[in-house]
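1. my questions are about this predicted structure, shown below with the sequence.
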Amino acid sequence: MVGPAAKREAVAHLKAVMGLSERRACQIISADRKMVRYRSRRPSEAELRKKLRDLANERRRFGYRRLFVLLRREGEPSGVNRIYRLYREEGLSVRKRKARRRAVGTRAPILVEAKANARWSLDFVHDQFACGRRFRVLNIVDDVTRECLAAIPDTSISGRRVARELTALLERRGKPGMIVSDHGTEFTSNAILAWSKEHKVEWHYIAPGKPMQNGYIESFNGRMRDELLNESLFFGLDHARSAIAEWADDYNHSRPHSSLGYQTPARYAGTIAATGFNAVQDEGYAFPPVAPTAPSGVMKTAEALLCSFASSLIMTLSFPALRTKARMREAVEQRRRQGILTTAGILLCAGWVPHFRVFVWGCLCLISGLDLSAT
């Protein structure tokens, strides 16, 4: 189907090339003259497109939803569908990086209060300078407010350094109810064990090889790598520290977070502190579960093996009874086949000449009986 724009172009071509009048050209094209003369009153989108391009160039890994939130903060009245249309027309779609397939393990939920410092997550992310020297970043995230509590880059971070950073963070923010991490050597060192015992902080280790059990910090690491590390070239440790600190501040106070209703983590933390909301017993509160440690998983595996052995034992004990039932069923089927054959013979003998229908019925019974006996 030809749209209005194409019809306008066709009418203009007939008028310019063949010298036809507008009325005659519209008759040939089957176009309404009002449609040809119509001029859109919609304001130009050039300024909005420029704003969208500038924001997309500034935040290259943001999709159209987050760009829409940022435009709304600047007072742009356009809806999300219009922003999405312009986003596609300008070719600003973010290239999706292929994710690895991850194993799904057994999970046991841990109830967490919906307040700040209820649970922290720790993990390392690695990168390298322009000269090729590698460095690592210690990330600490509040699982409830999604705030980045600390992002500490250095060329070497030991267990004692982690303990010192946690002590400094406790003085600024307070003691957490629980800390979740993997089994890295820095987190299982004697310095961390002594720190946890001294400050009376519960330290939960996820199952080995299951990073998805510490999903909050893994998601944060992915955002940091996608939006900062992959987009920047660091020329030294000082440059990395300033860039990471600036990005962490922007993450907490400017970047809209989708799981928080596109609020910033700092604003969401203020909302929780003001309302005093407590979701420790609220099943609808969105907290992904944290898997149990290895001993609990071993016990569950043992229980599963015990149940499997018990079911196998029951099947073994009940096998003679099942075999007897099968024999009885076979005997009943054999008697039924014999009855069908006998009935067919009687019908054939009795209805050969007088009753043709009875004869046909006997033939059908005989055929069915032979089929049953063959099976």
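-> Looks like it came in fine.
2. so where's the stretch 151-300 of the chain shaky on pLDDT?
-> Low-confidence segments of the stretch 151-300 of the chain (pLDDT under 70): 276-300.
3. so which residues of it form strands?
-> Assigned strands in the stretch 151-300 of the chain, in chain order: 178-181, 202-205 (criterion: DSSP state E, counting those that start in this stretch).
4. those strands: which one's closest to Glu9?
-> Taking CB to CB, strand 178-181 is the member of these nearest to Glu9, at 62.8 Å. From N, CA and C alone the C-beta is placed, and that goes for glycine too.
5. did I read that right, Asp127 in a strand?
-> Yes. Asp127: assigned to a strand according to DSSP: H, G, I helix; E, B strand; the rest coil.
6. let me see the domain layout of the protein.
-> 4-37, 46-89, 120-293, 327-374 (automatic domain parsing).
7. let me have the ones you listed in CSV, extended by mean neighbour count.
-> Converted to CSV, those look like this (neighbours: other CB atoms under 10 Å):
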stretch, mean neighbour count
domain 4-37, 14
domain 46-89, 15
domain 120-293, 16
domain 327-374, 13
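8. list phi and psi for the residue nearest to Val144 when sequence neighbours are not counted.
-> Spatial nearest neighbour of Val144, chain neighbours left out: Ala118 (5.1 Å); criterion: CB to CB, 6 or more residues apart in numbering. Note on Ala118: its backbone torsions stand at phi -70, psi -40 [degrees, to the nearest 10].
9. quick one, what contacts Ala118?
-> By CB atoms under 8 Å, 6 or more residues apart in numbering, Ala118 lies in contact with 112, 142-144, 176-178.
10. now these as a markdown table including distance to Arg65?
-> Formatted as a markdown table, the contacts of Ala118 follow (distance: CB to CB, whole Å):
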| residue | distance to Arg65 |
| --- | --- |
| Val112 | 27 |
| Asp142 | 23 |
| Asp143 | 23 |
| Val144 | 23 |
| Pro176 | 31 |
| Gly177 | 32 |
| Met178 | 32 |
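11. which member of these is positioned nearest Ala273?
-> Once CB to CB is applied, the member of the contacts of Ala118 that ends up nearest Ala273 is Val144, at 11.0 Å.
12. does Arg223 touch Asp250 like I think?
-> No. With contact defined as CB atoms under 8 Å, Arg223 does not reach Asp250; the gap is 11.3 Å.
13. next up, the contacts around the residue lying closest to Ser189 once chain neighbours are set aside.
-> Using CB to CB, 6+ apart and skipping residues adjacent in sequence, the residue nearest Ser189 is Gly159, 3.1 Å away. Contacts for Gly159 (CB under 8 Å, 6+ apart) come out as 185-187, 189-192.
14. which one of those is nearest Leu228?
-> Glu186 (22.1 Å).
15. grab the nearest non-local neighbour of the closest one.
-> Gly159 (4.6 Å).
16. tell me the spacing between that neighbour and Thr185.
-> 7 Å (CB to CB, to the nearest Å).
17. for Ala245, same thing?
-> Taking CB to CB as the measure, Ala245 falls 26 Å from Thr185.
18. returning to what we had before: out of the contacts of Ala118, which one sits closest to Ile152?
-> Checking those against Ile152 by CB to CB gives Asp142 as the nearest, at 15.6 Å.
19. please name the bridge partners of the closest one.
-> Trp120 (DSSP bridges).
20. surely it is in contact with Leu149?
-> Yes. Using CB under 8 Å, Asp142 makes contact with Leu149 at a distance of 5.8 Å.
21. find the residues that touch each one of these two.
-> Trp120.
22. ok, Leu146 - contacts?
-> Leu isn't right for residue 146; it's Arg. Applying CB under 8 Å, 6+ apart to Arg146 gives the contacts 216, 220, 257, 259-260, 265, 268.
23. from these, which ones fall inside helices?
-> 216, 220, 265, 268 (DSSP state H).
24. would you mind measuring from the closest residue to the second one other than its chain neighbours to Ser219?
-> It refers to Phe220. Distances taken as CB to CB, 6+ apart place Val141 nearest to Phe220, at 5.0 Å, with adjacent residues excluded. Taking CB to CB as the measure, Val141 falls 9 Å from Ser219.
25. then Glu198?
-> In terms of CB to CB, Glu198 sits 30 Å off from Ser219.
26. with Gly79 instead?
-> 28 Å.
27. cool, Ala269 as well?
-> As defined by CB to CB, Ala269 lies at a distance of 17 Å from Ser219.
28. what is the most widely separated pair among the contacts of Arg146?
-> Farthest pair in the contacts of Arg146 (CB to CB) is Phe220 and Tyr268. Separation: 14.7 Å.
29. my guess is Tyr216 meets Ile140, correct?
-> No. Contact between Tyr216 and Ile140 fails when scored by CB under 8 Å: they sit 10.8 Å apart.
30. re the thing from before, pipe the ones in helices among the contacts of Arg146 into JSON lines and attach distance to Arg136 per row.
-> As requested, the ones in helices among the contacts of Arg146 are exported to JSON lines (distance: CB to CB, whole Å):
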{"residue": "Tyr216", "distance to Arg136": "19"}
{"residue": "Phe220", "distance to Arg136": "15"}
{"residue": "Pro265", "distance to Arg136": "23"}
{"residue": "Tyr268", "distance to Arg136": "28"}
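31. could you look up the SS state of the closest residue to Val80 other than its chain neighbours?
-> Using CB to CB, 6+ apart and skipping the chain neighbours, the partner closest in space to Val80 is Phe68 (4.9 Å). Following three-state DSSP, Phe68 is assigned to helix.
32. now swap in Ala150 and tell me
-> strand.
33. please apply the same query to Ile140.
-> Once three-state DSSP is applied, Ile140 turns out strand.
34. quick one: it and Cys148, what's the gap?
-> In this view, Ile140 and Cys148 are 8 Å apart by CB to CB.
35. before I go, just wanted to say thanks for your time.
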